[in-house]
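# show me the folded form of this:
(one chain, ligands or ions: 1)
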Amino acid sequence: MATNKEIKQDEQPDNDKIVDLNADKVDATGTLMTTNHGVRINDDQNSLKAGDRGSALLEDFILREKITHFDHERIPERVVHARGSGAHGVFKLYESQSALTKAQFLNDTSIETPVFVRFSTVAGSRGSTDLARDVRGFAVKFYTDEGNFDLVGNNMPVFFIQDAIKFPDLIHAVKPEPDNEIPQAASAHDTFWDFISLTPESAHMIMWAMSDRALPRSYRMMEGFGVHTFRFINAEGVSSFVKFHWKPLLGVHSVAWDEAQNISGKDPDYHRRDLWDAIESGNFPEWELGVQIVSEEDEFKFDFDLLDSTKLIPEELVPVQRIGKMTLNRNPDNFFAETEQVAYHIGHVVAGIDFTNDPLLQGRLFSYTDTQLIRLGGPNFQQIPINRPLNPVRNNQRDGYMRQTIDKGKSSYNPNTLGNGFPAQAKASEGGFTSYPERIEARKVRARSKSFLDHFSQAKLFLDSQSDPERNHIVDAFSFELGKVKTVAIRERMLGILSLIDSGLAAEVAFALRLPVPQDPALPLNHSIPADGDPADYDPTIVRSSVAISSALSMAGTVKDSIKTRKIAILAADGVDEISLTTVKDALMAAGAVVEVIAPRLNYIIAESDAQIVVDHSFLTAASVLYDAVYVPAGTNSVATLEAEADAIHFLNEAFKHCKAIAADKAAIQVLEATYFSSKLPDDYSEETVLREGVVVVDDVEELADKFILAIAQHRFWEREKPRKIPA
Ligand code: HDD
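Alright, predicted model coming up:
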């Protein structure tokens, strides 16, 4: 047997080889075409035939190989999170976390850890729209020198269910209905709300899913959460509980629901394109990694159970410490090879990070390997380049479909002497993974812990922490979703659930549905208890929360001092005033925005000064919903054209309806006067008014640009929305 001293230190990471996939990259530039067995192809245009007009010959191995490969191009899409987009990047630690964890990439601030991130929606198929109302997946693979650590999270900090055994039910309910496969990528249908209305533990998550968090403006502008409580283990073996957070440096921003539905038609790849374009243009998306730490002694000090994934730890109770930064700086070379084949697994942890007994987490530990076996075709999926760890893999596993490594030597078993005892086990001091020796004395039971039974107080905490517009959007979302439900009994049951969260919320949704709020809402909840369960043991209405409001749960106070990467439209036509256009354009671009000129026709417009100005889109290829703000420059002919152009007026009307910043040179005011919001233009354009109303019309273009930038940074002026009718 080998002694540990004899183990060679040949195991240095080779970044180029693994993460850049260089060893496996094929660049066909300047090369000749070959078959898969390497024979040069002379004619790729015609199949082999008996004569010019004769039938094809079976002998044609070139044709057969090409068609066979094509026929087998598809692999099963992910059973959930099928629609997604990925990017490469790096993670850099701010300060050593060695007091908490021995994971090297969280100890050594000189290490730059490569990452591959995949964002996704949950319910839709691979080709579905990015803008569905849905949870977003936020999965990060850290290629650490000690193996891969996958943080497979979402953009919401809690989940629909508490136990993995309910996951197939949840997903069957939200996916398109099985008889007609309708609707695609939407939760607004009977089976989903039937299940939710019978599953009180989903109350908290459903508030998040009906909030604007489910409609991110960009993947780059959403938070990420590990959801479960994990463990950190330090070199002394001391464990602390940890919740992981990702905080986007651009802030957390959303779009309006009407806008989301329109984007789904105009550009279903909106988020994918946004991520790709940002990285291509060098605007690298950034998030800080945050941790909430709870010491082992404090496990039971909260009014919820740390093992319950339907609960979050309010930041008021345990602050989030930002420990490092992730930057996404490289687009994949090949969508299929990287983004489609990447295989995340919550069980991919490294020494220093460990699991808790969260029953949702425990079930996931099984599911992720299992799903890759069918999706990627066998047990060697970790050998696909995007999935390989940086450090060499050495064990006695052999063979199987698509084995990539050529393992040398006679011994493929342990213990052995024929291979000198290698590969040898690693001691803990050598980085060997050891599970946290948690003390467990328990009976084997199939039951839900009573500490998991408070289903409504954090749902209420979330609702009460929202700004008025955010709360209104939640009412609208429930009214929309339940409005699409055909079975009235399901709508009523949901109103019952809502009344257990907040009677005002239930009344507002009931008003929209013109239904009464049920009197005894707790009754149908008996569906969610075991066959022999006593309803008294499963009373989900216990209210425990000690925190009434948590400002971190609202997006209202997010970052609002930057317009970096915001997309601004300038509407113009022939005869535009060149200075009015370019002064504002240059100022916006200097502040980091992406500015596009939109005109009746493509290619260029001719300014009053006779200068040619490049046009990025015509009204045919652009749409208001694809921009964050809009500006109309001066120029007599341009203004006259736009004023009479229905597409231009529609563009502005939509921008106003979706609460976006709007600016016009004072000499272009006629265009705004042709919109439906002409009567709502403010009387003055002081900074205070601009920050409140989001509209700027002044004649000094430099002043205009400054005020417009302030307005765009606010992101949206939700207060512009029509006031709600208060139910009687
Ligand atoms: Fe899951 C994929 C996140 C619960 C079973 N999950 C998947 C992805 C994300 C999450 C981001 C996509 C990864 C990628 O981009 O490839 N899942 C979560 C979160 C959960 C959660 C945050 C709760 C806290 N998941 C969950 C449960 C189960 C699964 C309870 C099963 C018992 N999830 C899967 C899966 C998927 C998956 C079937 C589908 C494709 C894949 O794994 O690779 O195994």
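# mean confidence for stretch 148-163?
Averaged across stretch 148-163, the pLDDT comes to 98.
# for that stretch, measure first residue to last.
End-to-end distance for stretch 148-163: 26 Å, by CA to CA, to the nearest Å.
# what of stretch 613-633?
13 Å.
# what comes up buried for that stretch?
613, 615-617, 619, 622-633 (16 or more other CB atoms under 10 Å). In short, each C-beta sits where N, CA and C put it, glycine included.
# cool, and stretch 493-505?
If you call a residue buried by 16+ other CB under 10 Å, then stretch 493-505 has these buried ones: 493-502, 505.
# again with stretch 592-604
By neighbour count on 16+ other CB under 10 Å, the buried set for stretch 592-604 is 593-600.
# for this protein, which residue occupies the most central location?
R136 (3.5 Å; CA atoms, centre = their mean).
# OK, contacts around that one?
Residues counted as contacts of R136 (CB atoms under 8 Å, 6 or more residues apart in numbering) are 119-122, 154-155, 214, 216, 219, 222.
# my read: T109 touches L93, true?
Yes - counting by CB atoms under 8 Å, L93 is a contact partner of T109 at 4.9 Å.
# out of those two, which sits in the busier spot?
Using other CB atoms under 10 Å as the criterion, T109 and L93 rank with L93 on top: 20 against 13.
# what residues does the stretch 51-200 of the chain put near the ligand?
The stretch 51-200 of the chain comes close to the ligand at residues 78-81, 84, 118, 120, 137, 139, 152-154, 159, 164, 167, as judged by CB under 6 Å from any ligand atom.
# one more: the stretch 301-450 of the chain?
Counting by CB under 6 Å from any ligand atom, the stretch 301-450 of the chain sits next to the ligand at 309, 342-344, 360, 363-364, 367-368, 371.
# most neighbours among those residues, please name it.
The residue in those with the most neighbours, by other CB under 10 Å, is S309 (27 neighbours).
# and it, what's its pLDDT?
Predicted confidence (pLDDT) for S309: 98.
# go on, the one 4 residues further on?
I313 is assigned a predicted lDDT (pLDDT) of 98.
# what sits closest to it if chain neighbours are left out?
With sequence-adjacent residues excluded and distances taken as CB to CB, 6 or more residues apart in numbering, I313 is closest to Q292, at 5.3 Å.
# how near is the one you found to S435?
23 Å (CB to CB, to the nearest Å).
# which one's more surrounded, the two?
When neighbours are counted by other CB under 10 Å, Q292 and S435 differ, and Q292 comes out ahead with 21 against 9.
# other SSEs contacting the helix or strand encompassing that one?
Following DSSP states H and E, one finds Q292 within strand 286-295. Strand 286-295 sits against strand 239-248, strand 321-330, with contacts defined as 3 or more CB pairs under 8 Å, 6 or more residues apart in numbering; DSSP states H and E.
# and the angle for the first one with strand 321-330?
Using axes from the mean of the first three to the mean of the last three CA atoms, to 10 degrees, the direction of strand 239-248 lies 50 degrees away from that of strand 321-330.
# tell me the mean pLDDT for the helix or strand following strand 239-248?
With elements assigned by DSSP H and E, the helix or strand that comes after strand 239-248 is helix 257-266. Per-residue pLDDT over helix 257-266 has a mean of 98.
# tell me if the next helix or strand after helix 257-266 is near the ligand.
For helix 257-266, the following helix or strand on the C-terminal side (DSSP H and E) is helix 270-280. No - applying CB under 6 Å from any ligand atom, one finds helix 270-280 separated from the ligand by no less than 13.1 Å.
# so what's the closest residue to the ligand within the chain up against?
Among all residues of the chain, G137 sits closest to the ligand, at 2.7 Å; criterion: CB to the nearest ligand atom. Counting by CB under 8 Å, 6+ apart, G137 touches 81, 84, 118-122, 152-155.
# run the chain-centre distance for the helix or strand where it lies.
For G137, the host element (DSSP H and E) is strand 136-144. Put simply, strand 136-144 sits 11 Å off its chain's centre (CA atoms, centre = their mean, to the nearest Å).
# direction included, what does that strand pair up with?
Strand 136-144 has the following sheet partners, assigned by DSSP bridges: strand 112-121 (antiparallel), strand 147-154 (antiparallel).
# how near is A424 to P415?
Distance from A424 to P415, counting by CB to CB: 10 Å.
# domain ranges for the protein?
Following the assignment in automatic domain parsing, the chain carries domains at 20-73, 84-387, 459-525+535-553, 567-721.
# N420 is nearest to which of the ones you listed?
domain 84-387 (23.5 Å; CB to CB).
# low-confidence stretches in the stretch 251-400 of the chain?
Filtered on pLDDT under 70, the stretch 251-400 of the chain yields no residues whatsoever.
# also the stretch 451-600 of the chain?
523-524, 526.
# the helices in it, which residues?
Remark: helices assigned in the stretch 451-600 of the chain by DSSP state H, counting those that start in this stretch are 457-464, 468-483, 488-501, 503-513, 578-590.
# format those as CSV; extra columns: distance to G282.
Below are the helices of the stretch 451-600 of the chain laid out as CSV (distance: least, CB to CB, whole Å):
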stretch, distance to G282
helix 457-464, 37
helix 468-483, 33
helix 488-501, 45
helix 503-513, 44
helix 578-590, 13
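# done for today, thanks.
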